[in-house]
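# prediction below, plus the sequence it came from.
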Amino acid sequence: GVALGKMLGETGLVTLDPGFVNTGACRSDITYIDGDAGILRYRGYPIEELAKNSTFVETSYLLMYGELPNAEQLGNFTEQIQRHTMLHEDLKKFFDGFPKDAHPMPVLSSAVSALSTFYQSSLDPFDEPNVDLSSVRLLAKVPTIAAYAYKNSIGQPFLYPDNNLGLVENFLRLTFGLPAEQYEVDPDIAKALDMLLILHADHEQNCSTSTVRMVGSAQANLFASISAGINALFGPLHGGANAAVLSMLEGIRDNEGNADEFVRKVKNKEPGVRLMGFGHRVYKNYDPRAAIVRDTARGIIDKLGGGDEMLDIAMRLEEFALEDDYFVERKLYPNVDFYTGLIYQAMGFPTEMFTVLFAIGRLPGWIAHWREMIDDPDTRIGRPRQVYTGPTQREYVSLDQR
Ligand code: ACO
């Protein structure tokens with residue numbers, strides 16, 4: 001265990017494990033995954049039960065504090081979040097500084113990083129009341145920032161948050177509402193989005209969460225650490241996959257629904273061509289989240305109209321892959337993002353917002369991990385070793401000799 005790890009590290013023996021496939025970096029009480037059995041639990045509660053019975057705000061509390069809240073705790077937590085949704089007026093000026101066609105993910109990470117300049121009391125990572133406040137501020141303001149990044153990109157004015165609305169309702173209104181119109185939140189859309197956020201809320205030591213913990217291990221503040229996590233999530237192999245799935249499905253649709261050519265390229269391992277939304281480092285079985293999303297997709301897409309053709313293509317692709325040797329041998333199954341993009345599109349979100357929705361969902365997990373890391377007496381600054389493969393000592397050659 002820990003003692004052996006320390007001993008080996010300190011005597012200079014180093015294990016080489018690219019991608020940390022088999023290296024535990026911490027102990028954690030937050031999320032349990034059994035990748036072979038396709039099991040996911042937050043704080044012991046199966047994801048299926050939380051998706052069915054909980055709300056995103058309640059699940060956020062559970063992840064951060066370890067227990068389901070009682071009615072009073074949930075009421076206080078909800079009210080706190082509702083009260084912190086507004087952005088400082090000066091922060092709003094940031095949006096003017098970005099190009100109009102800026103992708104909302106880097107806008108989001110920049111604005112989150114900037115939060116630490118507005119709330120300087122957040123800089124001490126060991127000041128618990130301030131960490132609580134920073135956590136609430138993040139949960140409340142990230143949806144507002146995300147909606148403003150979108151509004152800015154389409155040249156529409158920002159709406160002020162409505163503090164009578166719940167987190168998801170507020171976000172939908174800020175994203176799709178207009179000042180001159182009354183925006184009616186569709187309760188089915190709000191419920192479905194809330195559920196999708198629950199499914200994304202944590203996934204133990206994934207790339208962005210490990211990033212948050214790594215940056216935080218230097219005792220960087222919560223805003224700085226989360227901003228780093230957002231940047232990690234922007235990568236196409238991580239949070240960017242949900243948008244990539246949609247471009248892939250569109251490509252197949254535009255090729256008269258014929259997936260053969262695409263699948264051939266995937267199987268020939270042409271550079272950069274993968275069946276997006278398939279495969280997972282940990283799941284070697286059906287991702288339990290993907291099963292929930294797939295079961296929800298048809299209902300929502302039918303209700304909202306459009307997208308049926310793409311959903312059919314996705315389902316056919318899945319059926320094919322589950323029977324095909326290439327995918328079977330490698331245990332490649334749909335992951336959470338195979339079907340989410342189709343739902344987001346039916347809800348009216350542009351593709352650039354898909355990864356932002358993932359970030360809003362993953363936020364409570366990042367916060368919970370950062371807090372666990374800061375409170376853990378075993379935490380040391382993250383500092384992997386390497387196996388050096390460069391030249392041995394060389395003599396400096398002056399410029400005129402080269
Ligand atoms: N399509 C085709 N082949 C694949 C795919 C895929 N989606 N995923 C993995 N493979 C193949 C690899 O080519 C490799 O084959 P080989 O053994 O013959 O060389 C084998 O399966 C193992 O793949 P690795 O890349 O080693 O697996 P790793 O654990 O490093 O990567 C990852 C996992 C990044 C998720 C990968 O499966 C992938 O790129 N998937 C597509 C992108 C995606 O959907 N990402 C979302 C991840 S989930 C999330 O962030 C919510």
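That came through fine.
# CA only for contacts and neighbour counts going forward, please
Noted.
# tell me where this protein is predicted with low confidence.
Residues of the chain that meet the criterion pLDDT under 70 lie in 1-11.
# longest helix of it?
Taking DSSP state H as the criterion, the chain has its longest helix at helix 128-153.
# summarise which helices and strands that one is packed against.
Judged by 3 or more Cα pairs under 8 Å, 6 or more residues apart in numbering; DSSP states H and E, helix 128-153 is in contact with helix 71-83, helix 94-97, helix 104-118, helix 167-176, helix 222-233, helix 354-375.
# show me which residues of the stretch 151-300 of the chain sit near the ligand.
Within the stretch 151-300 of the chain, the positions lying close to the ligand (Cα under 6 Å from any ligand atom) are 237-239, 241, 266, 274-281.
# rerun at 5 Å
Selection of the stretch 151-300 of the chain residues close to the ligand by Cα under 5 Å from any ligand atom yields L237, H238, G239, A241, R274, L275, M276, G277, F278, G279, H280, R281.
# which residue is the nearest non-sequential neighbour of the last one?
Nearest in space to R281, with sequence neighbours left out and distances taken as Cα to Cα, 6 or more residues apart in numbering, is V21 at 7.9 Å.
# now that neighbour: how far from R330?
Counting by Cα to Cα, to the nearest Å, the gap from V21 to R330 is 16 Å.
# if we can go back for a sec, so among the residues of the stretch 151-300 of the chain next to the ligand, which ones count as buried?
Among those, those classed as buried by 16 or more other Cα atoms under 10 Å are L237, H238, G239, A241, R274, L275, M276, G277, F278, G279, H280.
# could you export those as JSON lines, including secondary structure?
Output for these, formatted as JSON lines (DSSP: H, G, I helix; E, B strand; the rest coil):
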{"residue": "L237", "secondary structure": "coil"}
{"residue": "H238", "secondary structure": "coil"}
{"residue": "G239", "secondary structure": "coil"}
{"residue": "A241", "secondary structure": "helix"}
{"residue": "R274", "secondary structure": "coil"}
{"residue": "L275", "secondary structure": "coil"}
{"residue": "M276", "secondary structure": "coil"}
{"residue": "G277", "secondary structure": "coil"}
{"residue": "F278", "secondary structure": "strand"}
{"residue": "G279", "secondary structure": "coil"}
{"residue": "H280", "secondary structure": "coil"}
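# between these, which is nearest N170?
The closest of these to N170 turns out to be G239 (Cα to Cα; 23.0 Å).
# tell me, how many residues neighbour the nearest residue to that closest one once chain neighbours are set aside?
Spatial nearest neighbour of G239, chain neighbours left out: L233 (4.7 Å); criterion: Cα to Cα, 6+ apart. By the criterion of other Cα atoms under 10 Å, L233 has 25 neighbours.
# residues in contact with L233?
Listed by Cα atoms under 8 Å, 6 or more residues apart in numbering, the contact set of L233 reads C207, S208, G239, G240, T355, A359.
# helix or strand for the second one, just tell me which one.
When you say that, I think you mean S208. Assigned by DSSP states H and E, S208 falls within helix 207-216.
# from the contact counts, what lies against that helix?
With 3+ Cα pairs under 8 Å, 6+ apart as the test, helix 207-216 has helix 222-233, helix 354-375 packed against it.
# which members of the contacts of L233 define the maximum pairwise distance?
Based on Cα to Cα, the longest span within these runs between C207 and T355 and measures 14.3 Å.
# more neighbours: these two, which one.
Comparing C207 with T355 by neighbour count (other Cα under 10 Å), the higher total belongs to T355, at 25 against 18.
# how near is the more buried one to the ligand?
Note on T355: its distance to the ligand, by Cα to the nearest ligand atom, to the nearest Å, is 10 Å.
# quick check, that residue in contact with G235.
No. With contacts counted by Cα atoms under 8 Å, T355 stays clear of G235, the gap being 9.3 Å.
# could I get the helices and strands packed on helix 207-216 as JSON lines with distance to R394?
Listed next are the helices and strands packed on helix 207-216 as JSON lines, based on distance: least, Cα to Cα, whole Å:
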{"stretch": "helix 222-233", "distance to R394": "36"}
{"stretch": "helix 354-375", "distance to R394": "42"}
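# between those, which one is nearest to T296?
Nearest to T296, of all those, is helix 354-375, at 16.9 Å by Cα to Cα.
# quick check: angle from the closest one to helix 207-216?
Interaxial angle, helix 354-375 versus helix 207-216 (axes from the mean of the first three to the mean of the last three Cα atoms, to 10 degrees): 40 degrees.
# please state the offset of helix 354-375 from the chain centre?
7 Å (Cα atoms, centre = their mean, to the nearest Å).
# other SSEs contacting it?
Applying 3+ Cα pairs under 8 Å, 6+ apart, one finds that helix 354-375 contacts helix 56-65, helix 104-118, helix 128-153, helix 187-200, helix 207-216, helix 222-233, helix 241-254.
# between that helix and helix 187-200, how many degrees?
With the same axes, to 10 degrees defining the directions, helix 354-375 sits at 50 degrees from helix 187-200.
# just the CA coordinates for helix 354-375, please, in PDB.
Listed next in PDB are the C-alpha coordinates belonging to helix 354-375 (Å, rounded to 0.1, in the frame of the first residue of the first chain):
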ATOM      1  CA  PHE A 354     -22.500  20.200 -25.700                       C
ATOM      2  CA  THR A 355     -19.100  20.100 -23.900                       C
ATOM      3  CA  VAL A 356     -20.200  23.100 -21.800                       C
ATOM      4  CA  LEU A 357     -23.200  21.000 -20.600                       C
ATOM      5  CA  PHE A 358     -20.800  18.300 -19.600                       C
ATOM      6  CA  ALA A 359     -18.800  20.800 -17.600                       C
ATOM      7  CA  ILE A 360     -21.900  22.100 -15.800                       C
ATOM      8  CA  GLY A 361     -22.700  18.400 -15.000                       C
ATOM      9  CA  ARG A 362     -19.200  17.400 -13.900                       C
ATOM     10  CA  LEU A 363     -18.700  20.500 -11.700                       C
ATOM     11  CA  PRO A 364     -20.000  19.000  -8.400                       C
ATOM     12  CA  GLY A 365     -17.700  16.000  -8.900                       C
ATOM     13  CA  TRP A 366     -14.700  18.300  -9.400                       C
ATOM     14  CA  ILE A 367     -15.600  20.300  -6.300                       C
ATOM     15  CA  ALA A 368     -16.100  17.100  -4.300                       C
ATOM     16  CA  HIS A 369     -12.700  15.700  -5.300                       C
ATOM     17  CA  TRP A 370     -10.900  19.000  -4.700                       C
ATOM     18  CA  ARG A 371     -12.300  19.200  -1.200                       C
ATOM     19  CA  GLU A 372     -11.500  15.500  -0.500                       C
ATOM     20  CA  MET A 373      -8.000  16.100  -1.700                       C
ATOM     21  CA  ILE A 374      -7.400  19.200   0.400                       C
ATOM     22  CA  ASP A 375      -8.800  17.500   3.500                       C
END
